[in-house]
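Asker: Next comes the sequence, and after it the predicted model I'd like to discuss.
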Amino acid sequence: MPLFLVVLKRNEENKQIFHITNIGFFRVVIEPLKGSSMPPQCYRCQEFYHHSRLCNRAPKCLKCSGSHLTADCKKSTKSPAKCANCDGPHPANFSGCPSNPVNRKQQKKQPNKNIWTEKAKERAQKSTPLQQKPSYAAAVANNTPSKINTSDAKAIMQQMTLMMTQWGSLIAALQENNN
């Protein structure tokens, strides 16, 4: 079945055309026009990402890659085409052309080199290796528990109880002054 291109203004009434499924006795599918996934290509110089209206470069033929406009080409239809971008055996607007930006493999950008990390690595290689510290288990393996002097602990506890009783009387006096 043939394809037809119908151009309508964009408004709410014209959106109803997408709901039509039959015309006469024919079953039809009406779809919006899909945009091209290809980058724009100039018809004058065959380069990508600009239009021929704004192009002032030398013309290249789409069919034979000659230095003339495609409309002026005298190449026969039987002779093979020659790409103006990659010199391959296809016309310059061939979607599989290796010069087409869509077909180019995207190169990973190399991160900027940080000279400080490079200098630090060089310095670390030149310096003497650090002494390895023993693990916690190795450090405490030879330790014997020390004996706690209970008389010192009792003396400290007595001093603390004395201080707390003195503070209690001071805190009570402060509370009376604030009230």
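Answerer: Arrived safely. Residues are numbered from 1 along each chain as shown.
Asker: Run a quick neighbour tally on residue 175.
Answerer: Applying other Cβ atoms under 10 Å, we find 9 residues neighbouring residue 175. (C-beta placed from N, C-alpha, C; glycine too.)
Asker: Please identify which helix or strand holds it.
Answerer: For residue 175, the host element (DSSP states H and E) is helix 150-178.
Asker: Just the mean pLDDT for that helix, thanks.
Answerer: Averaged across helix 150-178, pLDDT comes to 85.
Asker: Pull the distance from it to the chain's centre.
Answerer: 66 Å (Cα atoms, centre = their mean, to the nearest Å).
Asker: heads up, I number from 852, so please use that
Answerer: Okay, using 852 as the starting number, the last item reads as helix 1001-1029.
Asker: how many other residues sit next to residue 950?
Answerer: 17.
Asker: Same question for residue 945.
Answerer: Residue 945 has 18 neighbouring residues, counting by other Cβ under 10 Å.
Asker: wait, doesn't it sit right on residue 933?
Answerer: No: using Cβ atoms under 8 Å as the test, residue 945 is too far from residue 933 to be in contact (11.1 Å).
Asker: who touches both of these two?
Answerer: Common contacts of residue 945 and residue 933 (Cβ atoms under 8 Å, 6 or more residues apart in numbering): residue 939.
Asker: And the helices in this protein?
Answerer: All helices of the chain, identified by DSSP state H, fall at 966-977, 987-992, 1001-1029.
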